[in-house]
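next one to model:
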Amino acid sequence: MTLRLAAILISGALVLAGCAGAPNDNMRNTGSDNTGVYQQDSPEFFVHQVGDRVHFAVDQSTLSAEAMSILDAQAAWLGQNGEFSALIEGHADEQGTREYNLALGARRAAAAKDYLVSKGVAGGRLRTISYGKERPIEICSTEDCWSRNRRAVTVVSAGSS
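Just a heads-up that it's a prediction; the model follows:
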């Protein structure tokens, strides 16, 4: 029985070794954070590898250096994947009135869109919407939590926006 088990293990290892070459050019293993493999031209790759969101300071729609870096990567991905369009969602934390946060979310989404356009993404491929404080990631009452809700999220989809 042990000889048979050893033979099975060796043949399995040989099969795996034959498959263990470089990944297909269109595929990328996401590593230890995310299990799975995403095609580089997929919305999943955009979310997990490029990054689909940027964050803002309190009451601000100005892009930070970190936000610009993420948007640079988004612009590069969108440039390589012309069949995709994007909806940029603007969000705010729960502080302030509904009306104020809708306007702030709109400014955040516009800032992200304007930056992507400045990096060569056609404006016709991008739309914006503001959700204000209506779609929080977390419902909370601490600064750490509120900071996660102050964001612009780029949602990509195939076809025209």
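
what's the weakest-modelled helix or strand in this protein?
Ranked by mean pLDDT, DSSP states H and E, the helix or strand of the chain with the weakest confidence is strand 27-29, at a mean of 36.

need the contact list for the residue nearest in space to the middle of the chain.
The geometric centre of the chain, computed from its C-alpha atoms, lies nearest to Asp52 (Cα atoms, centre = their mean), at 2.0 Å. Neighbour list for Asp52: Phe46, Gln74, Val153, Thr154, Val155, Val156 [criterion: Cβ atoms under 8 Å, 6 or more residues apart in numbering]. For every residue, glycine as well, the C-beta is placed using N, CA and C.

was I right about the fifth one contacting Leu87?
Just to be clear, that refers to Val155. Yes: the pair Val155 and Leu87 qualifies as a contact (Cβ atoms under 8 Å) at a distance of 4.7 Å.

tell me the buried residues in stretch 149-161?
Residues Asn149, Arg150, Arg151, Ala152, Val153, Thr154, Val155, Val156 are the ones in stretch 149-161 that count as buried (16 or more other Cβ atoms under 10 Å).

distance between that stretch and the chain's centre?
8 Å (Cα atoms, centre = their mean, to the nearest Å).

now for the helix or strand harbouring Ala106, which elements pack on it?
According to DSSP states H and E, Ala106 maps onto helix 98-118. Helices and strands touching helix 98-118, by 3 or more Cβ pairs under 8 Å, 6 or more residues apart in numbering; DSSP states H and E, are helix 65-80, strand 84-91, strand 126-132, strand 151-158.

burial measure for Ala75, as a count.
Ala75: 19 surrounding residues under other Cβ atoms under 10 Å.

nope, Arg107 is what I was after
Neighbours of Arg107 (other Cβ under 10 Å): 18.

surely it is in contact with Leu63?
No: taking Cβ under 8 Å as the definition, Arg107 is not a contact partner of Leu63, at 11.1 Å.

make TSV out of the helices and strands packed on helix 98-118 and add distance to Cys140.
Output for these, formatted as TSV (distance: least, Cβ to Cβ, whole Å):
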stretch	distance to Cys140
helix 65-80	22
strand 84-91	14
strand 126-132	16
strand 151-158	14
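
how about Ala106, what does it touch?
Gly90, Thr128, Ser130.
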